[in-house]
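In: how does the following fold in three dimensions:
(chains A and B)
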Number of protein chains: 2
Amino acid sequence: MTMRRNDIDVLIQEVGPRDGLQAVSAVYPTEGKLAWIRAEAAAGVRQIQVGSFVPPKLLPQMADSAEVVSAAKKIEGLTVSSLAPNLRGAEDAIRAGSDIVNFVLSASEEHNQRNVRCSIEESLERFSQIVEFRNTDPAFRDVVLSGGIATSFGCTIAGQVEEKTVLDIAQRYLELGADRIGIADTVGYANPAQVRRLFTRAVNLFGDDANIGAHFHDTRGLGISNVFAAYEAGVREFDGSLGGLGGCPYAPGATGNIVTDDAVFMFESMGVRTGIDLEKLLAARQIMESYLGDEPTHGAFVKAGLPKGFDSRPQYV
Amino acid sequence: MTMRRNDIDVLIQEVGPRDGLQAVSAVYPTEGKLAWIRAEAAAGVRQIQVGSFVPPKLLPQMADSAEVVSAAKKIEGLTVSSLAPNLRGAEDAIRAGSDIVNFVLSASEEHNQRNVRCSIEESLERFSQIVEFRNTDPAFRDVVLSGGIATSFGCTIAGQVEEKTVLDIAQRYLELGADRIGIADTVGYANPAQVRRLFTRAVNLFGDDANIGAHFHDTRGLGISNVFAAYEAGVREFDGSLGGLGGCPYAPGATGNIVTDDAVFMFESMGVRTGIDLEKLLAARQIMESYLGDEPTHGAFVKAGLPKGFDSRPQYV
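Out: Residues are numbered from 1 along each chain as shown, chains lettered A, B, ... in the order given. As a prediction, this is how the structure comes out:
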């Protein structure tokens, strides 16, 4: 399901309806989520993380995730992705019909404790339970399980994070049955030299066994350069949030997730095929914003539009 | 004068007092320019483009350029750079004491006509006159002449620009006596694959004969990734505007010059030495903004600050 298709060079996973909206306090209507998801799929986005299976009491924004997954499943050609923090959430995510379920732990023990109140080892045990659940029912055989590693490039609590820690966790995920590894700069600490170094090692070690995805934040302005560096290292799956929706909980006014539209513009202008139509993507952005209220959005491409004489034919060297 | 120093790996040229202010209509006071320039020099910025020698009637913002050059010359360790569109301007710039004089033509004939009302060939003839003026007086022997090439990655009028055109102009500049070549993405069209390709060729062809500088705009969000790609190609001189001052005349609300502070943050976080103290740079940014009025500024690093456990020791691989 997460496999690269023949007609695209990179897979852009839209995470705005989950990671973006998670940071928005006003509850976004279900019909708005679906209009947004449909418009983005129509623009050519092939994989969208549409919700999170957490207790509605904790995150009212995600209370309709089962309904959203179920409706999104009807969109032809769309891979429906969701987040689950534990077995209970993963059961719900899988039963709702998610094609991919993303589990996340932090490479920083301190951040993992703060975020999910358990050790990295306990988080891996939870992931193992999810694999077991997936494996026991043949109906769920095709569900892809992604092992996410947050704060892979540094942590707001612990500071620096060792590369070896990230790679060891990736290795453990794969041994436990992960189909995909997601390496995330959750707090916007990464720089392109560091990104290339870590992803080069990850691709060399695990690229034959699993898809490797990169998740960057633009908190300090290096998000898109990190995408380029990870692409250079061989990464072919990238997360982004349309309009940079969500911002950064650690830095008021700062951007959070990289802006999907800017990332797609970079790839398309290099002739790296995303399968996404940039004008339709901006139309989807308008639909997303129309349900948002005063929530700020971000991005540069939206303000400037396509260059004159724009040519997205392959030119990558 | 533009040579790389032993204790830094890249030279960041601040162009805000020229390229940034040029786009600001309210006249910025001379004392403000000097306070800004002094604060940025104190932060470790070693080269600043402080003014433009154009008729004051055309650009009142730059009417005090001779005074600013003269005062900036007294700052120890600072290389004082200015812009001149023709011989008359270059004479004034050199007599005022500029260490570097930048001349600019456009790689697009249409853009050059629109901008300076002559052909590329006529522009090169003007540059030749400037070289002759510099060479005739021994007192001016050390003045560095930089040949700038605007719209090197595309043009808002002509669309695409051929790489060969840019390289041919660079060759002509060098034959005429340029000490430095500045290759500019004046309208924010460049992508990192294109940047690496063109600069790799430029560095291979001319890197032994001249310093090669890169000037990027962030109009479509790719400015910092283009800096990274040019660094990868061997470029060691980069222009930036503190706080992204100036915006983009072609796209309302969009950024123009790349944000100096974000570029310095990227290099320092990769352990590539700029010689610049990031905290002092943000202090200089505050001084710059204190004279600005309502003019918008840009940048991500300023909102988020240094990562916890930040380490700028060399880590580049």
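
In: for chain A, just list every one of the helices.
Out: A:21-22, A:30-42, A:65-72, A:87-96, A:109-116, A:120-136, A:163-176, A:192-206, A:223-232, A:260-269, A:278-290, A:301-304 (DSSP state H).

In: mean pLDDT, mean neighbour count and distance to B:Gly44 added to those, as TSV?
Out: In this view, the C-beta of every residue, glycine as well, is placed from N, C-alpha and C. Converted to TSV, the helices of chain A look like this (pLDDT from 0 to 100; neighbours: other CB atoms under 10 Å in any protein chain shown; distance: least, CB to CB, whole Å):
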stretch	mean pLDDT	mean neighbour count	distance to B:Gly44
helix A:21-22	94	24	40
helix A:30-42	98	20	44
helix A:65-72	98	21	50
helix A:87-96	98	21	50
helix A:109-116	94	18	33
helix A:120-136	98	17	40
helix A:163-176	98	18	30
helix A:192-206	97	21	21
helix A:223-232	98	27	22
helix A:260-269	98	27	30
helix A:278-290	98	19	40
helix A:301-304	95	23	32
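
In: now those as CSV including distance to chain B?
Out: As requested, those are exported to CSV (distance: least, CB to the nearest CB, whole Å):
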stretch, distance to chain B
helix A:21-22, 19
helix A:30-42, 19
helix A:65-72, 28
helix A:87-96, 29
helix A:109-116, 11
helix A:120-136, 19
helix A:163-176, 11
helix A:192-206, 4
helix A:223-232, 4
helix A:260-269, 4
helix A:278-290, 11
helix A:301-304, 4
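
In: same list (those) but as TSV, adding distance to B:Leu105.
Out: Shown next, in TSV, are the helices of chain A (distance: least, CB to CB, whole Å):
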stretch	distance to B:Leu105
helix A:21-22	49
helix A:30-42	43
helix A:65-72	53
helix A:87-96	59
helix A:109-116	52
helix A:120-136	58
helix A:163-176	46
helix A:192-206	32
helix A:223-232	29
helix A:260-269	25
helix A:278-290	31
helix A:301-304	24
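
In: which of those sits closest to B:Asp311?
Out: Nearest to B:Asp311, of all the helices of chain A, is helix A:192-206, at 10.5 Å by CB to CB.

In: what's that closest one packed up against?
Out: helix A:163-176, strand A:180-184, strand A:211-215, helix A:223-232 (3 or more CB pairs under 8 Å, 6 or more residues apart in numbering or on different chains; DSSP states H and E).

In: now with 10 Å?
Out: Judged by 3 or more CB pairs under 10 Å, 6 or more residues apart in numbering or on different chains; DSSP states H and E, the packing partners of helix A:192-206 are helix A:163-176, strand A:180-184, strand A:211-215, helix A:223-232, helix B:223-232, helix B:260-269.

In: report the backbone C-alpha coordinates of the first one in CSV.
Out: C-alpha atoms of helix A:163-176 as CSV (Å, rounded to 0.1, in the frame of the first residue of the first chain):
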residue,chain,number,x,y,z
GLU,A,163,22.0,8.7,15.7
LYS,A,164,22.7,5.2,17.0
THR,A,165,19.6,5.4,19.3
VAL,A,166,17.4,6.2,16.3
LEU,A,167,18.9,3.4,14.1
ASP,A,168,18.6,0.9,17.0
ILE,A,169,15.0,1.7,17.4
ALA,A,170,14.4,1.3,13.7
GLN,A,171,16.1,-2.1,13.8
ARG,A,172,13.9,-3.1,16.8
TYR,A,173,10.8,-2.0,14.9
LEU,A,174,11.7,-4.1,11.9
GLU,A,175,12.4,-7.1,14.1
LEU,A,176,9.0,-6.7,15.6
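
In: what's the angle between it and strand A:211-215?
Out: 140 degrees (axes from the mean of the first three to the mean of the last three CA atoms, to 10 degrees).

In: and the end-to-end length of stretch A:125-144?
Out: Start-to-end span of stretch A:125-144 (CA to CA, to the nearest Å) is 18 Å.

In: for stretch A:90-102, same thing?
Out: 9 Å.

In: now find how far off-centre it is within its chain.
Out: For stretch A:90-102, the separation from the chain centroid amounts to 15 Å (computed by CA atoms, centre = their mean, to the nearest Å).

In: which residues touch the residue in the stretch 151-300 of chain A that chain B sits nearest to?
Out: Closest to chain B within the stretch 151-300 of chain A is A:Gly159: 2.5 Å, counting by CB to the nearest CB. By CB atoms under 10 Å, 6 or more residues apart in numbering or on different chains, A:Gly159 lies in contact with A:108, A:110, A:189, B:307-311.

In: which of those residues count as buried?
Out: Buried subset of the contacts of A:Gly159 (neighbour count, 16 or more other CB atoms under 10 Å in any protein chain shown): A:108, A:189, B:307.

In: thinking again about what came up before, what about the residue of the stretch 151-300 of chain A closest to chain B, distance to B:Glu14?
Out: From A:Gly159 over to B:Glu14 the distance is 30 Å, taken as CB to CB, to the nearest Å.

In: just A:Asp7 next, same as before
Out: Applying CB to CB, the value for A:Asp7 to B:Glu14 is 45 Å.

In: try A:Asn102
Out: Taking CB to CB, one finds A:Asn102 at 43 Å from B:Glu14.

In: A:Asp19 now?
Out: 36 Å.

In: what of A:Ser82?
Out: Distance from A:Ser82 to B:Glu14, by CB to CB: 47 Å.

In: re the thing from before, format the helices and strands packed on helix A:192-206 as TSV; extra columns: distance to B:Ala23.
Out: Below are the helices and strands packed on helix A:192-206 laid out as TSV (distance: least, CB to CB, whole Å):
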stretch	distance to B:Ala23
helix A:163-176	42
strand A:180-184	37
strand A:211-215	35
helix A:223-232	23
helix B:223-232	16
helix B:260-269	15
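
In: closest to B:Pro29 out of these?
Out: Per CB to CB, nearest to B:Pro29 of the helices and strands packed on helix A:192-206: helix B:260-269, 20.9 Å.

In: so how far is that closest one off the chain centroid?
Out: 16 Å.

In: between helix B:278-290 and it, find me the angle.
Out: Going by the same axes, to 10 degrees, helix B:260-269 makes 180 degrees with helix B:278-290.

In: which ones are touching the residue nearest to A:Gly177 when sequence neighbours are not counted?
Out: Nearest-residue entry for A:Gly177: A:Val131, 3.9 Å, with adjacent residues in sequence omitted and distances by CB to CB, 6 or more residues apart in numbering or on different chains. A:Val131 sits next to A:87, A:90, A:103, A:145, A:147, A:173, A:176-179 when contact means CB under 10 Å, 6+ apart.

In: and what of A:Pro55?
Out: Counting by CB under 10 Å, 6+ apart, A:Pro55 has contacts A:62-63, A:85, A:88-89.

In: ok, those residues vs B:Asp168, which is closest?
Out: A:Met62 (57.5 Å).

In: and the closest one, what is it in contact with?
Out: With contact set as CB under 10 Å, 6+ apart, A:Met62 has these partners: A:17-18, A:21-22, A:27-28, A:50-56, A:68, A:82-83, A:89.

In: just the buried ones out of those residues, please.
Out: By 16+ other CB under 10 Å, those give A:17-18, A:21-22, A:28, A:50-54, A:68, A:82-83, A:89 as buried.

In: all set now, cheers.
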